[in-house]
Structures are given as structure tokens and as C-alpha cells.
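J.: sharing a sequence plus its predicted fold:
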Amino acid sequence: MLFRKSESPKTQLPQSEREAIVDLLHFCLYADSHIALKEGEFIADVIDVIGWETQSSFGSYEARSIASARAAKESPPTRQGFLAFAAERLKSAEARALALKLCQQLFAIDGTEIREASLLAEIRASLA
């Protein structure tokens, strides 16, 4: 079952956890070099549900997040740092579980989750 706009988050997430989730979703989006329109829609739906509470717009954060995610995709050392930084910001067990669930759902959207299983395992390990 996909994450739906009508769902409300189980906990109120601090902005740092929202940003970490967005970063992980962008990493998942770019990880397979195949971007489906539905994946972008999924991320937009997630933002609608978890909210965004900074003085800067989501669009300005998204540009930085995408750049970081794309760099992480290209270099294993950069990826390790990227995943560690996301994990550091996901303080609660609930936020880590939500991030992992959303990554799984995003991978499933374009039907390439089998190819992305190793990336999901890497994300899971970084959040453990």
C-alpha cells in the first residue's frame, strides 16, 4: 500500500527528520538511473503529508537534496557519508522506520525494487 496524502504521520517530525527523509527519497529516486513520473508524484505526496516548516521553500531545499543524492549515487565514500548524515538526523525509531518504509515504497513504484535490493539493504544498515 502506498503512502497516501490522507494519512497523517504517526508522530510530529522535526524539520531535520523531514529533510533526512527527503534526502533518502531523492537518493532512491536517482539510484536506478530510471526516473518515473509516479516517483516524483510520490515524493510530492510525502511532503504534503509530513509538511515543511522552514523559512526557505521546499524547492530551494530540493535542489540541494537532489545534488547531494546524485553525488552519493556516483561515489561509495560519498554515499556512506550521505547515508550516515541522514541516519544522524533521524533521531527517533519511528522516523527511521518511516524513512525505510517510504524508500521501499518508492523503489516499488517503477517495478525495479529487485535491482534496488542492495541499495535498500545499505539504507537499512545505515539506519540500524
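T.: Received the coordinates, thanks. All figures in this text were calculated on a predicted structure; none of them were measured in a lab.
J.: which residues touch the residue nearest to Leu29 when sequence neighbours are not counted?
T.: Closest residue to Leu29 apart from its sequence neighbours, by C-beta to C-beta, 6 or more residues apart in numbering: Glu39 at 5.3 Å. To be clear about C-beta, it is placed using only N, CA and C from the backbone, and glycine gets the same treatment. Neighbouring residues of Glu39 by C-beta atoms under 8 Å, 6 or more residues apart in numbering: Leu29, Leu106, Ile109, Asp110.
J.: tell me the most packed of these, by neighbour count.
T.: Leu106 (27 neighbours; other C-beta atoms under 10 Å).
J.: residue contacts, the closest residue to that residue other than its chain neighbours?
T.: Spatial nearest neighbour of Leu106, excluding adjacent residues (C-beta to C-beta, 6+ apart): Cys28 at 4.6 Å. Applying C-beta under 8 Å, 6+ apart, we find Cys28 in contact with Cys103, Leu106, Phe107, Glu116, Leu119, Ile123.
J.: give me that answer again for 10 Å
T.: Applying C-beta atoms under 10 Å, 6 or more residues apart in numbering, we find Cys28 in contact with 39, 42-43, 69, 73, 102-107, 109, 113, 116, 119-120, 123.
J.: now Arg70
T.: Per C-beta under 10 Å, 6+ apart, neighbours of Arg70: His26, Phe27, Leu29, Tyr30, Ala31, Thr78.
J.: elements contacting whichever strand or helix holds the last one?
T.: Secondary structure assignment for Thr78, by DSSP states H and E: helix 76-89. Applying 3 or more C-beta pairs under 10 Å, 6 or more residues apart in numbering; DSSP states H and E, we find helix 76-89 packed against helix 15-31, helix 58-74, helix 93-109, helix 117-127.
J.: between the ones you listed, which gets nearest to Ile50?
T.: Among the helices and strands packed on helix 76-89, the nearest to Ile50 by C-beta to C-beta is helix 15-31 (5.3 Å).
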